[in-house]
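Enquirer: quick check, what structure comes out for this input:
(one chain, ligands or ions: 2)
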Amino acid sequence: MSRSPQKAPVIAVVGPSGVGKDSLMDALMQRHAGLLKQRRVITRAPELGGEDYEAVSEVEFADLCAERSFALHWAAHGLFYAIPQQIETARREASGVLVNLSRKVLLEAQAVFGDLVVLSVTAKPEALAARLSARGREDTAEVERRLARAGTPLPAGLAHVVEVDNSGDLQTAVVAAEAALLPWLQPVRA
Ligand SMILES: Nc1ncnc2c1ncn2[C@@H]1O[C@H](COP(=O)(O)OP(=O)(O)O)[C@@H](O)[C@H]1O
Ligand SMILES: O=P(O)(O)OC[C@H]1O[C@H](OP(=O)(O)OP(=O)(O)O)[C@H](O)[C@@H]1O
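Expert: Ligands and ions are numbered 1, 2, ... in the order given. Model prediction:
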């Protein structure tokens with residue numbers, strides 16, 4: 001991997017709804033002090049909870065896009081998502097920057113960020129369905145729509161992909177993910 005000694009890799013955490021992306025990112029940050037999670041800008045109502053995100057209207061989102069405030073943005077689930085340019089500041093401070101991306105923007109992310117490692121999280125379909133219903137953030141129709149996307153493949157041409165199965169105990173997946181990512185993490189300067 002051609003790596004700038006000053007900047008940490010972007011670690012794109014991807015996979016179907018309910019697979020455990022947010023859970024894994026939060027647990028990885030607790031285990032590995034140098035890891036940061038990039039806060040996203042989303043046109044999702046603020047009261048829906050889950051991850052810590054900046055909630056904006058679609059008009060505000062369009063204005064921020066026009067002002068080139070985003071390093072990357074995409075549409076999914078009837079929402080708009082963006083990664084602010086601020087991620088480049090986080091990359092100078094962290095050993096790795098975790099970010100929840102759509103599988104469909106990974107090649108663009110690889111071009112934009114250069115140093116991209118994809119953490120592809122998988123789980124058995126029955127686990128996805130049970131978790132989405134337990135999470136309770138989406139209604140039944142939306143859960144069905146998200147489960148229908150579960151099998152979306154990763155694009156060809158990604159330089160670095162590690163896969164973790166989160167069908168079982170979360171802690172087991174966290175330990176496996178940390179071990180798989182360690183070789184890519186920058187030492188954090190004292
Ligand atoms: N290994 C696991 N075992 C049981 N429940 C899990 C596991 N991983 C995540 N969950 C739960 O499943 C739901 C979806 O997890 P989440 O991290 O929000 O997934 P994603 O961000 O991929 O949509 C949450 O309620 C979470 O607590
Ligand atoms: O194209 P896909 O790879 O299927 O991803 C679709 C969307 O799902 C995730 O968002 P979010 O975390 O809001 O949804 P989730 O909790 O259901 O995964 C991801 O960040 C994308 O925005």
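
Enquirer: could you pull up the mean pLDDT of the helix or strand harbouring E144?
Expert: Per DSSP states H and E, E144 falls inside helix 140-148. Confidence over helix 140-148 (mean pLDDT, whole number) is 92.

Enquirer: tell me the bridge partners for L36.
Expert: Beta bridges link L36 to V97, judged by DSSP bridges.

Enquirer: can you report phi and psi for the residue minimising distance to the centre of the chain?
Expert: For the chain, the residue nearest the mean C-alpha position is N100 (1.2 Å; C-alpha atoms, centre = their mean). Dihedral angles of N100 (phi, psi; degrees, to the nearest 10) stand at phi -80, psi 110.

Enquirer: contacts only, for it.
Expert: If you count contacts by C-beta atoms under 8 Å, 6 or more residues apart in numbering, N100 has them with A12, V13, V14, K21, D22, M25, R40, E51. C-beta: built from backbone N, CA, C; applies to glycine.

Enquirer: around ligand 2, pick out the residues from the chain.
Expert: 14, 17, 21, 76-77, 81, 100-104, 146, 149, 152 (C-beta under 6 Å from any ligand atom).

Enquirer: could you look up the SS state of T152?
Expert: Counting by DSSP: H, G, I helix; E, B strand; the rest coil, the backbone at T152 sits in coil.

Enquirer: any weak-confidence spans in the protein?
Expert: Applying pLDDT under 70 to the chain flags residues 1-5, 189-190.

Enquirer: who in it is up against ligand 1?
Expert: Residues of the chain lying near ligand 1 (C-beta under 6 Å from any ligand atom): 15, 17-23, 131, 134-135, 166, 169-170, 173.

Enquirer: cutoff 5 Å now
Expert: S17, G18, V19, G20, K21, D22, S23, R131, R135, N166, L170 (C-beta under 5 Å from any ligand atom).

Enquirer: quick one: which of the residues you listed is nearest ligand 2?
Expert: The closest of those to ligand 2 turns out to be S17 (C-beta to the nearest ligand atom; 2.9 Å).
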